[in-house]
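**Q** model this:
(chains A and B)
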Amino acid sequence: GAGVSQSPSNKVTEKGKDVELRCDPISGHTALYWYRQSLGQGLEFLIYFQGNSAPDKSGLPSDRFSAERTGGSVSTLTIQRTQQEDSAVYLCASSFRGTSYNEQFFGPGTRLTVL
Amino acid sequence: GENVEQHPSTLSVQEGDSAVIKCTYSDSASNYFPWYKQELGKGPQLIIDIRSNVGEKKDQRIAVTLNKTAKHFSLHITETQPEDSAVYFCAARGTGGFKTIFGAGTRLFVKA
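**A** As a prediction, the model looks like this:
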């Protein structure tokens, strides 16, 4: 597509439920990133995919968080047993490659609210 | 660990005035410094970037300066307009790396 798309745009869930957030990167982009943006805060790195390499999961805050990227394209971020502190905007970005100077293009984000 | 500090957190200027946002990074290996603008309900969008081998870069009303010795970089917006109102993020990335460290953001208000 023309840009990075994310779905759903908003998700309200109850504490303890699992949620799945989807990201469709720009076609041809080999690098994909997930970030979390809490209210009034900067972007917190979660996970990075580059081509067929093993993802860098060093930013995932707990083992309740996981992500996969199928076929080198679409990615799903899964949060199990959601907690209220998981409430945030989850942003996905893609870039042509994962090297230093490649611009990251961001999607509009998914706003997650855990009640 | 790696850190990027950004100031101020909020900035209010009159239309036509200049706005300056300052950032400091901790990782001396950082070599790429992008700036993003985030409008309400949208993802951040790159507005300008600078590499470590350059001290200044300008694009119309926006400019970025980099002081590698002091590990400071700044965004300058001249002749501000109401549509410049948004949250601005600075960021830093290291050599050969993918991980981008973001500042906490500056909310800019441009009053007409």
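**Q** Quick check on residue A:70: phi, psi?
**A** Residue A:70 has phi and psi values of phi -90, psi 130 when expressed as degrees, to the nearest 10.
**Q** ok, now which ones touch it?
**A** residue A:76 (C-beta atoms under 8 Å, 6 or more residues apart in numbering or on different chains). All C-beta spots, glycine's among them, are computed from the backbone N, C-alpha and C.
**Q** Quick check: it vs chain B, distance?
**A** 20 Å (C-beta to the nearest C-beta, to the nearest Å).
**Q** burial count for residue 25?
**A** You didn't say which chain, so I picked chain A. Using other C-beta atoms under 10 Å in any protein chain shown, the number of residues around residue A:25 comes to 27.
**Q** I was after chain B.
**A** The burial count for residue B:25: 25, using other C-beta under 10 Å.
**Q** wait, doesn't it sit right on residue B:93?
**A** No: the criterion here is C-beta atoms under 8 Å, and residue B:25 misses it with residue B:93 at 9.7 Å.
**Q** between those two, what contacts are shared?
**A** Taking C-beta under 8 Å, 6+ apart as the contact rule, residue B:25 and residue B:93 both touch B:33, B:101.
**Q** If you rank every helix and strand of chain A by mean pLDDT, what lands last?
**A** Lowest by mean pLDDT, DSSP states H and E among the helices and strands of chain A is strand A:43-50, with a mean of 92.
**Q** can you map out the strands along chain B?
**A** Per DSSP state E, chain B carries strands over the ranges B:4-7, B:10-14, B:19-25, B:30-38, B:45-51, B:56-59, B:62-67, B:72-77, B:86-94, B:100-102, B:106-111.
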